Structure formats: structure tokens, C-alpha cells
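A.B. asks: Fold the following and give me the result.
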Amino acid sequence: MQLDQVSFSWPVIISVCLGTTAAVAANMISFVMIGKINQRVPGDERISYLWWGTEVRKRFKELFPKSRLVFLLDSCFVMMVTCFVLLVRFWVFGNNPGR
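C.D. replies: Numbers count the residues shown, from 1 in each chain. Below you'll find the model as predicted:
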């Protein structure tokens, strides 16, 4: 297969771009949340920027119950899943739903 023969439809390109944007935004929001958590907790309870997991969301919600960052993080996750479903739909099954 030559590179000049590879083509993607616009829905596939848009799904990849939106999904990637949502993933990068979610990562940046998580870093902001880790920074805010680390400002509030003692040194031995701090969360590493390099090695963290799902405890960030739970801990942030405990410390900052009225913050909208958790909602933004959840919205980015929903956007990533939606874009992945659309990517599979348009890339794997094509643009023709009747096939």
C-alpha cells in the first residue's frame, strides 16, 4: 500500500482530532487538580505528577466539593468515549450504514 492511496473520511479525521483534544484537556485538568491537592495536603500525602491514578478525582472532590474541575474532567472522558465510538463507526464500518 502506498501512502498516496491512503485516505480518510472527514468524520474519521474530526473524531480523531476531537478525541485527542479531549484526552489532552483531561490530562491537563488532572495536573491542575493534582497541583491543588498537593497545596492542601501534608508532604507525605502528596500525589506524584508522574504516577497517579483514579484517586485524584476522588481526593479532589473531597477537598474541593464545589469545584467544577471534576465536571470538566468527566466531560472530557465522555467526549473521548463518544469520539472513539464514532471513530469505530466511521472507520471500521464506513460511511454507508446500509452495508
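A.B. asks: From now on I want contacts and neighbour counts done on CA atoms only, so please keep to that.
C.D. replies: OK.
A.B. asks: Give me the below-cutoff pLDDT ranges for the chain.
C.D. replies: By pLDDT under 70, the low-scoring segments of the chain are 1-6, 95-99.
A.B. asks: for the spatially most central residue of it, what are its contacts?
C.D. replies: By C-alpha atoms, centre = their mean, the chain has its centre lying nearest to A23, at 2.9 Å. Applying C-alpha atoms under 8 Å, 6 or more residues apart in numbering, we find A23 in contact with 76-77, 80.
A.B. asks: how about 7 Å then?
C.D. replies: With contact taken as C-alpha atoms under 7 Å, 6 or more residues apart in numbering, A23 is in contact with 76, 80.
A.B. asks: what separates it from M79, distance-wise?
C.D. replies: Distance, A23 to M79, using C-alpha to C-alpha, to the nearest Å: 9 Å.
A.B. asks: and what of K61?
C.D. replies: 21 Å.
A.B. asks: Which positions within the longest helix seen in the chain qualify as buried?
C.D. replies: Taking DSSP state H as the criterion, the chain has its longest helix at helix 10-40. Neighbour-count burial for helix 10-40 flags 11-12, 15-16, 18-20, 22-23, 25-26, 29-31, 33-34, 37-38 (criterion: 16 or more other C-alpha atoms under 10 Å).
A.B. asks: what does stretch 71-87 give?
C.D. replies: In stretch 71-87, counting by 16+ other C-alpha under 10 Å, buried: 73, 76-77, 79-80, 83-84, 86-87.
A.B. asks: quick one: contacts of it?
C.D. replies: With contacts defined as C-alpha under 7 Å, 6+ apart, stretch 71-87 is touched by 12, 15-16, 18-19, 22-23, 25-26, 29.
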